[in-house]
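Visitor: let's see this in three dimensions:
(2 chains)
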2 protein chains.
Amino acid sequence: MEDNRDLLEEYRSSIDNVDAALIHLLAERFRITHQVGVYKAENGLPAEDKEREAEQVKRMRELAEDAGIDPVFSEKFLRFIIEEVIRHHVEIDTDTSSD
Amino acid sequence: MEDNRDLLEEYRSSIDNVDAALIHLLAERFRITHQVGVYKAENGLPAEDKEREAEQVKRMRELAEDAGIDPVFSEKFLRFIIEEVIRHHVEIDTDTSSD
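Guide: Predicted structure coming up:
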């Protein structure tokens, strides 16, 4: 039988693996949203899209409920990511405008 | 050739897939940290562990750099998740104490 200290280390190794996966998924997400940002800037579209955002929030809350996590947290999480994306988009837009 | 509207829809489908994966990974992470929380409460350990947290931040920043995303964002992201975990741990601790 493992002692408790080993058990805590086991949990932490799993958490570290999940965190590495999260970072790589976020990298992929930002890669795609960068393409969206370029597209929006080229087509003169605003960085924010409230209708799309509302759909995403609704979907994330449903996914969270299915996965057994707090839907309120999932909404906060999505808004946290979207804020970063919008920050990137505004930068792309500024870069484009400054040409 | 796809028109631009289809291209935007393609990007958004990919983003939606990544978001579903993120939610499921977060669910797994919370499942593990719940076990850590129970362990900590049973062993009278505080919910927060500053040394472990500092190691996690350092590791996340390195992973972020490798993955090509902003290390500052990765740190903010980790702290955002840890805040939620600590909120869960405090709840577990309160439940245990109220027995």
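Visitor: give me the number of residues near A:Phe73?
Guide: 19 (other CB atoms under 10 Å in any protein chain shown). Where you see a C-beta, it was placed from the backbone N, CA and C, and this is true even at glycine.
Visitor: and it, which helix or strand is it part of?
Guide: Secondary structure assignment for A:Phe73, by DSSP states H and E: helix A:71-97.
Visitor: quick one: list the elements packing against that helix.
Guide: Other elements packing on helix A:71-97 under the criterion 3 or more CB pairs under 8 Å, 6 or more residues apart in numbering or on different chains; DSSP states H and E are helix A:4-42, helix A:50-67, helix B:4-42, helix B:71-97.
Visitor: give the contact list for the residue positioned nearest the centre of chain A.
Guide: For chain A, the residue sitting closest to the mean C-alpha position, by CA atoms, centre = their mean, is A:Ile81 at 4.0 Å. Neighbour list for A:Ile81: A:26, A:29 [criterion: CB atoms under 8 Å, 6 or more residues apart in numbering or on different chains].
Visitor: distance check, it against B:Asp70.
Guide: According to CB to CB, to the nearest Å, A:Ile81 and B:Asp70 sit 13 Å apart.
Visitor: neighbours around the nearest residue to A:Arg61 once chain neighbours are set aside, how many?
Guide: Nearest-residue entry for A:Arg61: A:Pro71, 4.0 Å, with adjacent residues in sequence omitted and distances by CB to CB, 6 or more residues apart in numbering or on different chains. Applying the criterion other CB under 10 Å, we find 16 residues in the vicinity of A:Pro71.
Visitor: swap in A:Pro46?
Guide: As a burial measure, A:Pro46 scores 11 neighbours (other CB under 10 Å).
Visitor: could you do A:Val90 as well?
Guide: As a measure of burial, A:Val90 has 15 neighbours, counting by other CB under 10 Å.
Visitor: pLDDT weak spots in chain A?
Guide: Using pLDDT under 70 as the threshold, the predicted model of chain A has low-confidence ranges A:1-5, A:93-99.
Visitor: how does it look with 90?
Guide: The model of chain A has pLDDT under 90 over residues A:1-6, A:37, A:40-41, A:43-49, A:85-99.
Visitor: A:His89: which of the helices and strands packed on helix A:71-97 is closest?
Guide: A:His89 lies closest to helix A:4-42 among those, at 4.1 Å (CB to CB).
Visitor: by contact count, what packs against that closest one?
Guide: helix A:71-97, helix B:4-42, helix B:50-67, helix B:71-97.
Visitor: distance to A:Ile15 added to those helices, as a markdown table?
Guide: Supplementary listing: the helices and strands packed on helix A:4-42 in a markdown table, determined by distance: least, CB to CB, whole Å:
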| stretch | distance to A:Ile15 |
| --- | --- |
| helix A:71-97 | 17 |
| helix B:4-42 | 5 |
| helix B:50-67 | 8 |
| helix B:71-97 | 9 |
